[in-house]
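Chemist: no FASTA, just this:
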C-alpha cells in the first residue's frame, strides 16, 4: 500500500510539472490499480487495521485521491470465451475466482461519486468507446458525435410513502440494527466498522429520528426491501453554490457560455471520513453541459463557503449508492431546502438505450422518468437551491 501510494504520488508530481509547460494545461494520470483494490483481497478487520495504522479512512483512499474510478468488468463475466490465462503470466485465477474478485473490487470502490462500471454487453471496441467517453467527461472535453448515446445518466422520480412519526422510530431502529449487526458490507460496510472488538455496536442511538436512515425511512425508502445481497453505501451531502456567471450585458447571450460552480462536502458517519470537492458546470449556448470536478481540502471548502451565493440555499441530501445490473446507481433524497423530492440516477450502459427503463431496481417505487426542461427546473438541484423563484 505504501509503495503504491509513493509511486502514484511521484507520477502525479512529474505530470504536474509537465502540465505546467503545456498550453492547454491538460493531462490525465491513469492508474491500472487503485489503493482501494487492496480491500477486496483482505478481511475487513485486517483492512481496517491497515488504515488505522496510517490514520486513514476509506474516503481518504477513494474519493479524496482519485477523480474517477472506471471499472472494466473481467471477461470472465459475460465474455467467458475470451477469458484465458495463456496470454498473461500473472493471471492465475479461474473464471469463477475472477468473477468473485471482480465483484469484491466493485464493492470496495462503491461510494466514489464517479464510479462507473463497464461490462461486456458489447464487443471490446464498444467497451473502449464507453471508457473514452467517460474520460472525456472527467476532463470536461465536449463529446464527439461518435460518443453520443453511450452510457447516458437517466433520472427517475420516486414516489413518497411517508411514514407517521409513531412508525418511524421502531422501523428506523430495526434497519439500523440490521445494517450494523447483520449486513456487514452494507450500511456499515468498511466505512462504518467500529473497533475490532466492538464491530457489533450500532453507530447510532436507538432514539435518533434525524439521521440518514431515519430521513430515508420517513420518505418511504424502506431499506428492508433492498435485496439481502445488495451492497450499498449511505452518506450525506452538503452542496454550497458559489456563483452564477451569466454572459455579460454587452455580449451576445447566444454566443457565450454560462457557468456556475459549487463545492460539496460528503460525510459518511461518525469517525468514517469526510471528502470535499468542487464542480464547475459550463453550459454552451445550445444547452450542452460539461462538468469539471476537482478534489479540494477541508480548508479550501471552508474558504469557499464564506463566499457562497447568498441567493441560493445550501442544499442537503442523503444519498444511497449501489450497483444494480452493472449500472452505477445513486438514490438522492433532498433534506433541505425541500424534503419531498427523491431522485434515482442510473448510469445506463450501452445496449440499454433503446429501452432506458428496463432493468431498473425493482425494490424501489419509481413513479416516472425525468426528462426535459420542465423536469430539470422542478427537480434539479441547481433550481431547488434558489431562494426566490
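Modeler: Structure's in. What do you need? Everything quoted here is computed from the prediction, not taken from an experiment.

Chemist: wait, doesn't residue 294 sit right on residue 276?
Modeler: No. Counting by Cβ atoms under 8 Å, residue 294 does not reach residue 276; the two are 10.0 Å apart. (C-beta placed from N, C-alpha, C; glycine too.)

Chemist: These two - which one has more neighbours?
Modeler: residue 276 (22 against 11; other Cβ atoms under 10 Å).

Chemist: what about the more buried one, which SS state?
Modeler: strand (DSSP: H, G, I helix; E, B strand; the rest coil).

Chemist: cool, and the one 5 residues further on?
Modeler: Of the three states, residue 281 takes strand under three-state DSSP.

Chemist: Report the beta-bridge partners for it.
Modeler: Following DSSP bridges, residue 281 is listed with bridge partners residue 260, residue 291.

Chemist: The chain should start at 27 in everything you say after this.
Modeler: I'll keep to 27 as the first residue from here, and by that count the last item is residue 307.

Chemist: And for it, the neighbour number?
Modeler: Residue 307: 17 neighbours (other Cβ under 10 Å).

Chemist: Report the contact partners of it.
Modeler: Residue 307 makes contact with 285-287, 315-317, 408, according to Cβ atoms under 8 Å, 6 or more residues apart in numbering.

Chemist: switch to 10 Å and redo it
Modeler: By Cβ atoms under 10 Å, 6 or more residues apart in numbering, residue 307 lies in contact with 166, 283-288, 315-319, 408.

Chemist: Strands along the stretch 127-276 of the chain, start to end?
Modeler: Secondary structure of the stretch 127-276 of the chain (DSSP state E, counting those that start in this stretch): strands at 141-144, 179-184, 258-271.

Chemist: Those strands into JSON lines, with extra columns for mean pLDDT, distance to residue 342 and mean neighbour count?
Modeler: Formatted as JSON lines, those follow (pLDDT from 0 to 100; distance: least, Cβ to Cβ, whole Å; neighbours: other Cβ atoms under 10 Å):
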{"stretch": "strand 141-144", "mean pLDDT": "91", "distance to residue 342": "22", "mean neighbour count": "22"}
{"stretch": "strand 179-184", "mean pLDDT": "90", "distance to residue 342": "18", "mean neighbour count": "17"}
{"stretch": "strand 258-271", "mean pLDDT": "88", "distance to residue 342": "5", "mean neighbour count": "20"}
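
Chemist: Between these, which one is closest to residue 118.
Modeler: strand 141-144 (23.5 Å; Cβ to Cβ).

Chemist: how distant is that closest one from the center of its chain?
Modeler: 10 Å (Cα atoms, centre = their mean, to the nearest Å).

Chemist: For the protein, which helix or strand comes out least confident on mean pLDDT?
Modeler: Every helix and strand of the chain was ranked by mean pLDDT, DSSP states H and E. The lowest is helix 191-207, at a mean of 52.

Chemist: Contact partners for the residue lying closest to residue 323 once chain neighbours are set aside?
Modeler: Leaving aside its sequence neighbours, residue 323 sits nearest to residue 302 (Cβ to Cβ, 6 or more residues apart in numbering; 6.5 Å). Counting by Cβ under 10 Å, 6+ apart, residue 302 makes contact with 85, 89-90, 264, 289-292, 320-328, 330.

Chemist: rerun that using 8 Å as the cut-off
Modeler: 90, 289-292, 321-324, 326-327.

Chemist: Which of those are buried, as a PyMOL select command?
Modeler: This is how PyMOL selects the buried members of the contacts of residue 302, with burial counted by 16 or more other Cβ atoms under 10 Å:
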select buried, resi 90+289+290+291+292+322+327
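
Chemist: now, among the contacts of residue 302, which is nearest to residue 359?
Modeler: residue 292 (14.4 Å).

Chemist: Does that closest one belong to a helix, a strand or coil?
Modeler: strand.

Chemist: how close does the residue nearest to it when sequence neighbours are not counted get to residue 39?
Modeler: In space, and not counting its chain neighbours, residue 292 is closest to residue 301: 4.8 Å by Cβ to Cβ, 6+ apart. In this view, residue 301 and residue 39 are 22 Å apart by Cβ to Cβ, to the nearest Å.

Chemist: okay, those two: which has more neighbours?
Modeler: Shown here are residue 301 and residue 39; by other Cβ under 10 Å, residue 301 has more neighbours (25 against 10).

Chemist: so the more buried one makes contact with residue 85?
Modeler: Yes. Judged on Cβ under 8 Å, residue 301 makes contact with residue 85 at a distance of 4.5 Å.

Chemist: shared neighbours of these two, anything?
Modeler: With Cβ under 8 Å, 6+ apart, residue 301 and residue 85 have common neighbours residue 292.

Chemist: In what element of secondary structure is the nearest residue to residue 59 once chain neighbours are set aside found?
Modeler: Nearest residue to residue 59, sequence neighbours excluded (Cβ to Cβ, 6+ apart): residue 30, at 7.2 Å. Using DSSP states H and E, residue 30 sits within helix 28-45.
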